[in-house]
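Trainee: sequence and predicted structure below; questions after.
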Amino acid sequence: MSLRVVLLLVRTYYLGTRPWEQLFSRSASRGRGVETKHTATTVRRIGYVLLSILLFFSFVMVMVMFGFNYYSFQSIGRTLGYPDIGAMMAQFIGAVIVFLFSCMSAPSVLYRGKDLSLLMSVPIRRSELLASRMVLLYLSMASLYFFIVFPGIVIVYFVTGISVPLFLGAVLTLLLGPLVPVLLGSLFGMLITRLMKGRKHKSLIEVFSIIVMMALIIYSQSSIMRFTDGSGLFEGSAADDLGRTYGALFERLHHALTLFACQASMLFSVGGRLNPYLAAAACIVMNAVLALVAMFLLEASYGRCVSIALSGEGRSRRRETAGATERFGDRSAYRPASLRSTLIRKEWDVVRGTSSFFVEIIGEVCVPIILVVVYALSGLLGELSEGLGALTVSPWFPAAVSGILLLMSSFTMISSTSVSREGPLFDLCRSWPIPASVQVDAKLVFHMLLMYLSHAVYLLVAVFLLGIGFENLPWMLALGFFTILGTGALSLAVDYRRPLLDWKIPQQAMKRNFNGLIGMGIGLLYLAVVASAVLLAYLAGLTPVASMYVGCAASAVGAFASRKIALRQGRSAYLPR
Amino acid sequence: MEQVRESGDFAIAFDHVTKRYDGKETPAVEDLNLAIRKGEIFGFLGPNGAGKSTTIRMLVGMLRQNSGTITADGFDNIVSSVGLKRCLGYVPDEPVFYERMSGLRHINFICDLYGVPQRLRKERIGKLASLFEMTEVLDDPISSYSHGMKQKLGVIAALVHDPMILVLDEPMVGLDPRSSFILKDVMREFCRKGRTVFFSTHVMEVAERLCDRVGIISKGRLLFEGTLEELKLRKGGEDATLEELFLQMTGQADVAGLAKRTEEVLE
């Protein structure tokens, strides 16, 4: 195996795909990529700088949350005689997340890359090709690992201060840490590819990984609430209580996760389970042995897996198709559907067609469920409901619950990236003989089906669980309907005005789409306006419930006007350019 | 063109149409005047980047011309774009689909959009799928189709709502010889019923055998419009093939020089 060839393949991949450009820039062109609007470019650039700053701060905030959790583990560990447990948990959590994401990415990177049909035809060794793909997978996962584990290293620094073992251990941790989960994820990917005969399975694992990641972040946030006193400072007694409760569990974990315990010891000049240099040597040996075994297994079946993946693309997968019930020749297959329902179904096909859209939207719709489940499992829900006792009798309590749920439902990118998600297919929509109003309405109904239906369910559950009087339900449902419709329509108008259609990777159409951020801002602003109307009505002497009905009326007017705006923007988007 | 226009029997008409893309100095299409009769197969020829696809995209109501008017079956492409689209069947150069749909669902989806009644769609889909030998794969997801199969699906989807005018952008690209033969046959049959086919192509042999009339466009300007015989008369080459005439017309006729250069490079 020639290292020069491996490096050449890796370098060529990065030069050919330019992932950093996809990350930091967006094409200036619109539609078919030829009609560039020069106006508003500066505003848009400022927007992107703001978006980048916000993204940076959100990353930092999540890292701080992780750090706080590791610090709490560290504190518990110290009371139990395991001073390295915080670092160990950081490495363990990092490894689990990297493993999940590797399972998801490995089949694509190793066996399905668009460039593989070219690379398989040139005279390079299979081992060189596999090694280059493994490097690509490792590099993409190393950044994720850094994001999760680096706060743990910082915590060790806070506890022990700077030392040579900490510095060397940190470098080794960040370099070696992702290796094992990436290799295990690749082996899992190989098995999946072989067992599923090349069929794509990405959505399922991706949804699972994202949910685990979100649950972890929510858990981190809830832990901060539990470990801090009212002023936000760390409260040692809370950790002591938990230490007594979970001490035995942590002790078992420490013994079970030998590799991570060994890796954690590398960071401690004193207090670790092993001598740091001995731990570093052991880690290097363990990683090397695992890497050799895994690479041997992966290489042995590489050609076969690529062949399965490539032939699997062209194979019939009837069960996977959305129209599985529609068979050629069946009478039911030809049943006409209304124009609107056909277009709504098409919206769902666009979402299902790309795993990242699917994951993003499922994530947005399911956030409240994840919140409730994580809070319930961590015991925070019980503590919160105890604390809510006095608040539930307040006449404004139903309004607060409705507001919080509406905030979650309005803080969405579903409508504000609805046109962008279609990408080049938007031109197909423009070629149909369908009035713009029908297409706009179909997008709005799709938005309502996803966001309002889930909102209504959460509302009913909240009313039932929190003992809110059912007499509040009419205004709660009405307020939700008009507010979600209004924010959805305004967000859709934004995306119709300047859709991002020429994206290279699907993430650009949603997560990295400035329209998504604008849509979220609109959601907040809309809620603020409705809340102001409610407040004004209350100040004018109405009761809280009557004030909420005034809020409903204000929201209904807003929704009507917003739909008009969406229709106007939609009409111009479907006209010839 | 004037004769066609005066007869009032035209299906498609471009009247002084100019399209200029933002940021480009030269127009993609300049002062295009063209009329296509009902019931004829019209081939639109031109080298790469000549303006063929831009013309077609304006015709199907996706691009807006800067000046001039385009009508198809009496509908203006700007004022009555929905009506115009309803009477057209369009096959783009790069077929795009919702890849997770099955072929059958896509065609049913198109039927829903164009309001094809249930009793007709089963019959039409069955006939067209059988004609293009797609029956076996119609239940499979489109993502599993080859380029040629997608092209055939695009043609089926364009024909299933029984349009008055068929517009095809490079339809033969990616088709195997048998499918290409079938498509040519379909185009002829379509016109025999008094309907119109407007298509762009690079394949001179196809244009020569199939078209009633051709238009040659280069650098956005229409250089010729008429029958092959008229082209031969105008260029004074009775024995010349369409390919030779096309190369002459578009200023690419130095075939001997090109061959010499190729030989030099390969040596």
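Mentor: On my side now, so go ahead. Just so we're clear, the structure is a prediction, and the values are computed from it rather than from any experiment.
Trainee: now the stretch 1-150 of chain A, which segments are flagged as low pLDDT?
Mentor: For the stretch 1-150 of chain A, the stretches flagged by pLDDT under 70 are A:18-41, A:44, A:117-118, A:121-122.
Trainee: could you pull out the helices for it?
Mentor: A:3-17, A:19-24, A:41-80, A:85-106, A:116-119, A:126-160 (DSSP state H, counting those that start in this stretch).
Trainee: and the residue of the stretch 151-267 of chain B closest to chain A?
Mentor: Nearest residue of the stretch 151-267 of chain B to chain A (Cβ to the nearest Cβ) works out as B:His161 at 9.0 Å. Every C-beta, even on glycine, is put in place using the N, C-alpha and C of the backbone.
Trainee: before we move on, the earlier item: who wins for proximity to B:Arg100 among the helices of the stretch 1-150 of chain A?
Mentor: Between B:Arg100 and the helices of the stretch 1-150 of chain A, the shortest gap by Cβ to Cβ is with helix A:85-106, which sits at 18.4 Å.
Trainee: closest to the centroid, which residue in chain B?
Mentor: Against the mean C-alpha coordinate of chain B, by Cα atoms, centre = their mean, the closest residue is B:Phe199 at 2.0 Å.
Trainee: just to revisit the earlier point, and the helices of the stretch 1-150 of chain A, which is most packed in?
Mentor: helix A:85-106 (a mean of 25; mean count of other Cβ atoms under 10 Å in any protein chain shown).
Trainee: outline the domain layout of chain A.
Mentor: Residue ranges for the domains of chain A, per automatic domain parsing: A:3-17+A:76-201+A:228-309, A:343-574.
Trainee: how about chain B?
Mentor: B:2-87+B:165-266, B:96-162.
Trainee: do a quick rundown of the helices in chain B.
Mentor: B:2-7, B:52-59, B:81-86, B:103-114, B:118-131, B:147-159, B:177-192, B:204-210, B:228-235, B:242-249, B:255-266 (DSSP state H).
Trainee: dump the residue contacts of residue 85.
Mentor: Assuming you mean chain A. A:Phe73, A:Gln74, A:Ile76, A:Gly77, A:Phe250, A:Leu253, A:His254, A:Ala264 (Cβ atoms under 8 Å, 6 or more residues apart in numbering or on different chains).
Trainee: sorry, I should have been clearer: chain B.
Mentor: Residues near B:Lys85 by Cβ under 8 Å, 6+ apart: A:Ser431, A:Trp432, A:Pro433, B:Val60, B:Gly61.
Trainee: just the closest of those residues to A:Ser547, please.
Mentor: For the contacts of B:Lys85, the nearest to A:Ser547 is A:Trp432 (45.2 Å; Cβ to Cβ).
Trainee: which residues touch that closest one?
Mentor: B:Lys85, B:Leu113.
Trainee: doesn't it fall inside a helix?
Mentor: No - using DSSP: H, G, I helix; E, B strand; the rest coil, the assignment for A:Trp432 is coil, not a helix.
Trainee: got phi/psi on it?
Mentor: Listed backbone geometry of A:Trp432 is phi -80, psi 150, with angles given as degrees, to the nearest 10.
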